[in-house]
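Asker: Curious how this folds, go ahead:
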Amino acid sequence: MTNFQKPGNPPGILQESGDLSRGSNPRYLSADSLQSLQLNPREIAASIEHLLLGQKRQQAWNAPKAVITPPDGRYMMATLAAADDPPFLAVKALVLNPDNPKRGLASINALVTLLDSRSGLPLAVLDGNWVTAVRTAGLKVCCGGILGMGEAKQDRAQLLHTLATLDAHPESVPINQLVRVKGTPLEGSAAVDPLEFVRTVAVARILMPKSHVRLSAGREQMSDEMQALCFLAGANSIFYGEKLLTTGNPDVEEDRKLFARLGIRPGERAAPAGD
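Answerer: As a prediction, this is how the structure comes out:
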């Protein structure tokens, strides 16, 4: 396991903002400006760890993200996080537009606004794409979708097109079937046609040949035959165990029996060095 710098004074890139005057102007830090700082992965990891530990000490907080989805396929999202150590408040705003590549633009563009969390005075505006790229450097992306939320075929196609046209395909693409939990707004949603679900899995496999296409939430409601068709269509991974977040998964022994009937052998991965 990698040993990160322990919390105390904010490590790495997290520095106190110091005295601020109302006359100070916030700086715009472009990707080039941020790149010139030559931050290393250890500093970034230590800073993230410091803030995660700060949440436990009630010195750092984050709010649920806010999302807007216009009918033309755009996805707009904003997130808010704050800390007392160091005293920063960050607001990230992001727009995903599948039509951007036609204009020579990246599909996703974002900005991060940084304020002093005590005074509320502005500190800087950062290139959000650079922040995301550095924060996730070396991480493996897991990104997919939930089917059965009232979406049309075009929505599913657009989801897969967006994932397939990213700079790099996600390592993991979970395809979920909505679990219609009693008491939730979507409990009365119409069930997805099983063959439509299988087609979505097949298209994901064709568009992202090296990704793990994962059968995820909703497997407990799928018949063995439906799961078998999904595996034949290109699904090569499942979420395994008793529970997936808040909803149940098929029993482990039932999964083993199904794999045996289908002649599927679970793959094995070597444990990372040091574990």
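Asker: Can you list the helices and strands that the host helix or strand of residue 55 packs against?
Answerer: Using DSSP states H and E, residue 55 sits in helix 41-56. Applying 3 or more Cβ pairs under 8 Å, 6 or more residues apart in numbering; DSSP states H and E, one finds that helix 41-56 makes contact with strand 60-68, strand 75-83, helix 128-135. The C-beta positions use only the backbone N, C-alpha and C, and glycine is treated the same way.
Asker: Now the shortest one: average pLDDT?
Answerer: So that's helix 128-135. Mean pLDDT, computed over helix 128-135, is 73.
Asker: which residues touch it?
Answerer: 30-31, 34-35, 39, 44, 48, 92-94, 106, 108-112 (Cβ atoms under 8 Å, 6 or more residues apart in numbering).
Asker: how far out from the middle of the chain is the helix or strand just after it?
Answerer: Downstream of helix 128-135, the next assigned helix or strand under DSSP H and E is strand 145-147. Centroid separation for strand 145-147 versus its chain: 14 Å, with Cα atoms, centre = their mean, to the nearest Å.
Asker: Determine the set of other helices and strands touching strand 145-147.
Answerer: Secondary-structure packing of strand 145-147 (3+ Cβ pairs under 8 Å, 6+ apart): helix 153-164, strand 172-177, helix 194-207.
Asker: and it, which strands flank it?
Answerer: Note on strand 145-147: by DSSP bridges, its sheet partners are strand 172-177 (parallel).
Asker: Give me the residues contacting the partner strand.
Answerer: 140-148, 163, 192, 197, 200-201, 204, 208, 211-219, 221-222, 230, 235, 237, 239.
Asker: so where's the stretch 51-200 of the chain shaky on pLDDT?
Answerer: The model of the stretch 51-200 of the chain has pLDDT under 70 over residues 134-140.
Asker: sorry, back to before: quick one, which of the helices and strands packed on helix 41-56 is nearest to residue 261?
Answerer: Smallest distance to residue 261 across these (Cβ to Cβ): 40.0 Å, for strand 75-83.
Asker: For that closest one, buried residues please.
Answerer: By neighbour count on 16 or more other Cβ atoms under 10 Å, the buried set for strand 75-83 is 75, 77, 79, 81, 82, 83.
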